[in-house]
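K.L.:
quick one, fold the following:
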Amino acid sequence: MGDHNFFSKKRLIADVVNVKIRAIRPTDTLGKIRSIFLDTPYDMFPVVDAYGRMLGIVFRTDLLKPFVSKKGLARQLALDGRSAYYAYSALTVADLMRRRFEKVRMTDALDSAVRIMI
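P.N.:
Below is the predicted model:
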């Protein structure tokens with residue numbers, strides 16, 4: 001059986017979060033972060049600026065956005081005569097990162113973060 005006290009009010013986010021997760025930059029290309037996703041078990045990475053301030057989040061599934069959205073950026077660039085691969089490779093994290101997200105502090109109770117997520 002699992003730990004029934006895992007989400008106790010005494011447990012902090014800092015107790016369970018992996019702080020060694022890699023951050024990516026808004027200027028990183030989709031080709032670069034695709035490789036990062038393939039080489040790691042993580043489904044999400046924070047996007048930070050040069051000062052380490054969080055700007056957004058990129059999920060593994062976000063890599064598909066240029067192809068599946070009606071106004072897909074890769075599709076639009078390809079229509080300009082470029083190959084879809086070239087167009088995709090030219091896009092950056094800033095083109096698809098999620099800029100709206102809930103923020104929590106490492107000192108917040110874990111149960112409060114769970115309530116935000118569900």
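K.L.:
pull out the buried positions in the longest helix seen in the chain.
P.N.:
Of all the segments assigned as helix in the chain under DSSP state H, the longest by residue count is helix 30-39. By neighbour count on 16 or more other Cβ atoms under 10 Å, the buried set for helix 30-39 is 30, 33, 37. To be clear about C-beta, it is placed using only N, CA and C from the backbone, and glycine gets the same treatment.
K.L.:
do stretch 11-24 as well
P.N.:
12-13, 24.
K.L.:
the bottom helix or strand of this structure by mean pLDDT?
P.N.:
helix 73-79 (a mean of 57; mean pLDDT, DSSP states H and E).
K.L.:
where does pLDDT dip in the chain?
P.N.:
1-9, 18-19, 67-87, 117-118 (pLDDT under 70).
K.L.:
ok, which stretches of it are strands?
P.N.:
Here the chain has its strands, by DSSP state E, at 44-48, 54-59.
K.L.:
and the residue nearest the centre of the chain?
P.N.:
Among the residues of the chain, the one closest to the centroid is V58, at 2.1 Å (Cα atoms, centre = their mean).
K.L.:
residues touching it, list them.
P.N.:
24, 33, 44-45, 47, 93, 96-98 (Cβ atoms under 8 Å, 6 or more residues apart in numbering).
K.L.:
distance of it from L38?
P.N.:
For V58, the distance to L38 (Cβ to Cβ, to the nearest Å) stands at 14 Å.
K.L.:
with G31 instead?
P.N.:
Distance from G31 to L38, counting by Cβ to Cβ: 11 Å.
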